[in-house]
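In: need a structure here:
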Amino acid sequence: MTGAGGYLTAVDKASARDLERLAQVAKKRGRAGDPPGADTRPEVIVRKGRIHESADAAEVALLAKGLPFYARGDVLVRLTFGAKTAGVRRDDSLPSLVPASGPMLLEAFEASARFVAAFKLKDGTTEIRPVGCPPQLPAVYLGRVGRWQVQPVRAVACVPVVHPDGTIVREGYDARSRAVVCSSEDWGAIPTKPTKSEAEAALLPLRALLGGFVFVDPSDEATAIAAMLSAVLRPSLSTCPGFGFTAPVRGSGKSKLADVCAVLATGRPSAAVSWPPKEEEAEKRLGATLLAGDPVVCLDNLETPLRSAALNSAMTQSEVAIRVLGSSSMPRVQVASLFLATGNNLVIQGDLSRRFLVCHIDPGIERPETREFKFCPVARARQERVPLVRALLTIAMWGRTVEAQRPPLGSFEDWSRRVRDPLIALGMADPCACLDTLHRDDPEREAAVEVLTEWRRAFSDRAVSVADAIVEAGRDGPLRGALDAVAGGPGGINPRRLGKYLGRQRDRMFGSLVVRHRRDVIGNTGLWVVEDRRRTGLPEMDSATHGKASGYETVRG
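Out: Numbering: from 1, shown residues only. Below you'll find the model as predicted:
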């Protein structure tokens with residue numbers, strides 16, 4: 001594993017124990033007997049045709065140097081501060097991850113090791129001379145996706161990481177959550193077994209911090225505090241819902257609420273994303289924030305309904321494929337960000353409406369920006385961050401003893417157990433109470449209900465093709481209006497768009513109505529029928545006799 005004179009050579013299929021031992025060799029080399037100021041970097045021998053050995057040895061030196069390189073899924077990254085990304089605003093001191101580049105690795109390798117080669121002299125002897133890092137070495141190392149020996153990173157945290165069993169990691173790398181804890185604060189004593197009285201006392205300063213906001217309903221205050229608790233627990237939560245802050249008019253304090261959550265989690269404002277209207281561009285900006293490992297991401301001042309298939313996946317999956325700005329690749333990264341959204345009369349659309357909890361505030365005056373807070377909640381959150389975070393963690397530690405208060409929210413079972421249940425057990429309203437309203441007010445759902453209602457009225461139990469439905473819409477004004485809203489185009493109702501739309505709604509329940517897809521056995525034509533499940537005597541969709549008797553068969557998606 002090590003060559004003559006202590007040079008680092010090949011590390012062929014090295015185990016973790018081998019690498020640790022080599023790292024210790026690299027650290028110790030040059031300490032004993034070296035004069036002050038001596039170059040103590042380990043030496044990596046460069047041999048022609050053996051670039052893989054140089055890469056192995058350079059990685060060992062890199063690990064020994066302790067430079068903050070990590071494996072972010074399929075991407076090698078380095079921890080830095082205030083990374084610059086188009087469309088994303090970050091505080092200059094916010095820790096974040098950036099993809100490692102060739103020049104960055106070249107510098108890191110040179111800082112970690114001395115690269116030398118053996119040269120034969122005229123007298124037949126061999127002399128070791130410095131040659132510098134081979135220029136192709138960074139590219140070779142970057143190409144080792146899945147084989148890097150650096151630590152994997154899932155999250156960047158600026159608060160202590162608290163695990164479900166009560167284990168607390170205050171600084172450094174947490175192997176269990178794969179989080180890098182960038183925190184220099186003295187968090188003091190965090191109770192490991194607090195009583196309910198201590199948890200109730202911890203809740204008081206948190207409610208006082210939000211005292212200047214005018215919440216529409218008690219559940220809105222609970223949603224705001226759930227967002228704060230989620231922000232500090234996010235590194236160890238498997239999944240987490242997003243939080244929206246909305247008001248009828250600007251100046252009501254929406255952005256302040258989002259900043260309070262971010263300041264508690266990181267000590268700084270959140271990474272603010274200008275959310276573009278086009279899905280492809282939005283997906284790239286989302287990918288940039290996920291790759292950076294931003295602890296809190298705020299989609300700020302949304303002016304259009306929020307919908308995004310990529311965001312849907314990021315909020316309910318532990319790992320997603322992302323689009324990278326300026327690249328055609330789609331690497332996979334793990335997700336540990338808290339997503340916030342702000343906007344006047346914020347609308348969460350489609351599947352996102354079950355992934356976001358929305359807090360409503362309403363000062364009840366025409367120009368709320370003219371009112372004065374008794375104190376600035378963001379400034380107070382920054383000034384009193386340590387005791388406030390300690391209060392949140394006290395509630396989290398007590399929450400480990402709480403029995404389930406409600407059935408868990410689908411896709412967010414871990415969050416329900418560690419955030420929602422403790423708050424309800426402390427007497428707060430259910431932070432998920434807003435979901436019924438979000439579901440009912442979802443514009444996509446409203447449009448679908450109108451389409452199904454008019455289709456059912458026009459065709460009853462009859463299964464019809466898209467073409468026949470469009471012909472009927474020419475004679476039926478309400479049906480035409482409903483179909484045009486979801487599949488209209490310059491030339492009227494577009495058959496292809498309508499077919500795709502019905503396909504997306506297939507087998508989904510909207511109240512008592514559901515769309516079913518069948519196929520005409522004779523003409524091999526796709527047919528659509530809207531069933532009303534309130535009616536009795538409907539044929540079962542998996543009935544073979546029903547399909548044969550009516551001349552069409554059920555198509556299962």
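In: going forward, measure contacts and count neighbours with C-alpha atoms only.
Out: Noted.
In: so how far is the first residue of stretch 228-247 from its last?
Out: In stretch 228-247, first residue to last residue: 19 Å (CA to CA, to the nearest Å).
In: And the average pLDDT for it is what?
Out: Rounded to a whole number, the mean pLDDT of stretch 228-247 is 96.
In: Now it: buried residues?
Out: 228-247 (16 or more other CA atoms under 10 Å).
In: Give the residue spans of this protein that score low on pLDDT.
Out: Counting by pLDDT under 70, the chain shows low-confidence ranges at 1-37, 325-328, 438-439, 521-524, 535-557.
In: What residue spans form the domains of it?
Out: 40-143, 196-365+375-432, 442-535 (the TED database).
In: would TSV of the ones you listed with distance to residue 173 be doable?
Out: TSV is the format used below for the domains of the chain (distance: least, CA to CA, whole Å):
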stretch	distance to residue 173
domain 40-143	10
domain 196-365+375-432	12
domain 442-535	42
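In: what's residue 183 in contact with, if anything?
Out: Applying CA atoms under 8 Å, 6 or more residues apart in numbering to residue 183 gives the contacts 157, 158, 159, 160, 170, 171.
In: Out of those residues, who's the most crowded?
Out: Highest neighbour count within the contacts of residue 183: residue 157, with 33 neighbours (other CA atoms under 10 Å).
In: Out of the contacts of residue 183, list just those in strands.
Out: residue 157 (DSSP state E).
In: wait, which of the contacts of residue 183 is closest to residue 500?
Out: residue 157 (42.3 Å; CA to CA).
In: Wait, the closest one touches residue 177, no?
Out: No. In this structure, residue 157 is not within contact of residue 177 by CA atoms under 8 Å, at 10.3 Å.
In: anything in contact with each of the two?
Out: Contacts common to residue 157 and residue 177, judged by CA under 8 Å, 6+ apart, are residue 235.
In: Now for residue 278, how many residues are close by?
Out: Residue 278 has 9 nearby residues by other CA under 10 Å.
In: Okay, it and residue 497: tell me how far apart.
Out: 18 Å.
In: what's the answer for residue 77, then?
Out: Applying CA to CA to residue 77 and residue 497 gives a distance of 42 Å.
In: the more surrounded of these two?
Out: Higher neighbour count among residue 77 and residue 497: residue 77, with 23 against 16, using other CA under 10 Å.
In: now that one, nearest residue through space, not along the chain?
Out: Spatial nearest neighbour of residue 77, chain neighbours left out: residue 99 (4.3 Å); criterion: CA to CA, 6 or more residues apart in numbering.
In: List the contacts of that neighbour.
Out: With CA under 8 Å, 6+ apart, residue 99 has these contacts: 75, 76, 77, 78.
In: shouldn't the last one be in contact with residue 95?
Out: If I follow you right, that is residue 78. No. Using CA under 8 Å as the test, residue 78 is too far from residue 95 to be in contact (10.3 Å).
In: Mind checking which of these two has more residues around it?
Out: Counted by other CA under 10 Å, residue 78 and residue 95 do not tie: residue 95 has more neighbours, with 24 against 21.
In: So that one is in contact with residue 82, correct?
Out: Yes. With contact defined as CA under 8 Å, residue 95 counts as touching residue 82 (6.3 Å).
In: ok, and which of the domains of the chain has the densest surroundings?
Out: domain 196-365+375-432 (a mean of 21; mean count of other CA atoms under 10 Å).
In: first vs last residue of that one, how far apart are they?
Out: From start residue to end residue, domain 196-365+375-432 stretches across 22 Å - CA to CA.
In: Strands of the stretch 201-350 of the chain, start to end?
Out: Using DSSP state E, counting those that start in this stretch, the strands of the stretch 201-350 of the chain run over 242-247, 271-273, 296-299, 319-321, 332-334, 338-344.
In: Sheet-wise, list the partners of the fourth one with their directions.
Out: Using DSSP bridges, the neighbouring strands of strand 319-321 in the sheet come out as strand 332-334 (antiparallel).
In: what sits up against the partner strand?
Out: 72, 73, 74, 75, 154, 290, 291, 318, 319, 320, 321, 322.
In: other SSEs contacting the strand or helix carrying residue 500?
Out: Assigned by DSSP states H and E, residue 500 belongs to helix 495-505. Applying 3 or more CA pairs under 8 Å, 6 or more residues apart in numbering; DSSP states H and E, we find helix 495-505 packed against helix 466-473, helix 477-487, strand 513-520.
In: Which other helices and strands does the last one contact?
Out: Same thing as strand 513-520. helix 443-459, helix 495-505, strand 526-532, strand 552-554.
In: ok, 6 Å please
Out: When contacts are defined as 3 or more CA pairs under 6 Å, 6 or more residues apart in numbering; DSSP states H and E, strand 513-520 packs onto strand 526-532, strand 552-554.
In: show me what contacts residue 212?
Out: Residue 212 makes contact with residue 373, according to CA atoms under 6 Å, 6 or more residues apart in numbering.
In: What separation is there between it and residue 415?
Out: Computed as CA to CA, the residue 212 to residue 415 distance reads 27 Å.
In: cool, and residue 97?
Out: In terms of CA to CA, residue 97 sits 25 Å off from residue 415.
In: same check, this time on residue 214
Out: The gap separating residue 214 from residue 415 is 26 Å, by CA to CA.
In: and what of residue 432?
Out: 12 Å.
In: who touches both of those two?
Out: Contacts common to residue 432 and residue 415, judged by CA under 6 Å, 6+ apart, are absent.
In: and residue 228, what is it in contact with?
Out: residue 261.
In: can we see that at 10 Å?
Out: 206, 222, 234, 243, 257-258, 260-265, 388-389, 392, 419 (CA atoms under 10 Å, 6 or more residues apart in numbering).
In: ok, now residue 277?
Out: 302, 303, 304, 305, 306, 307, 308.
In: switch to 7 Å and redo it
Out: Residue 277 sits next to no residue when contact means CA atoms under 7 Å, 6 or more residues apart in numbering.
In: and residue 129, helix, strand or coil?
Out: strand (DSSP: H, G, I helix; E, B strand; the rest coil).
In: That one contacts residue 118, doesn't it?
Out: Yes. If you go by CA atoms under 7 Å, residue 129 and residue 118 touch, sitting 6.5 Å apart.
In: Greatest separation within the contacts of residue 228: which pair is it?
Out: Distance extremes for the contacts of residue 228: the farthest pair is 243 and 388 at 19.6 Å, using CA to CA.
In: what's in contact with the helix holding residue 500?
Out: 466, 467, 487, 515.
In: Distance from stretch 448-467 to the middle of the chain?
Out: 38 Å (CA atoms, centre = their mean, to the nearest Å).
In: Check the separation of the first and last residues in it.
Out: End to end - CA to CA - stretch 448-467 spans 19 Å.
In: One more: stretch 358-371?
Out: End to end - CA to CA - stretch 358-371 spans 23 Å.
In: again with stretch 428-444
Out: 31 Å.
In: can you check stretch 170-189 too?
Out: Rule used - CA to CA; the end-to-end distance of stretch 170-189 is 11 Å.
In: Go through that stretch and flag the buried ones.
Out: In stretch 170-189, counting by 16+ other CA under 10 Å, buried: 170, 171, 173, 174, 177, 178, 179, 180, 181, 182, 183.
In: got CSV for the residues you listed, with secondary structure too?
Out: Formatted as CSV, the buried residues of stretch 170-189 follow (three-state DSSP):
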residue, secondary structure
170, coil
171, coil
173, strand
174, strand
177, coil
178, coil
179, strand
180, strand
181, strand
182, coil
183, coil
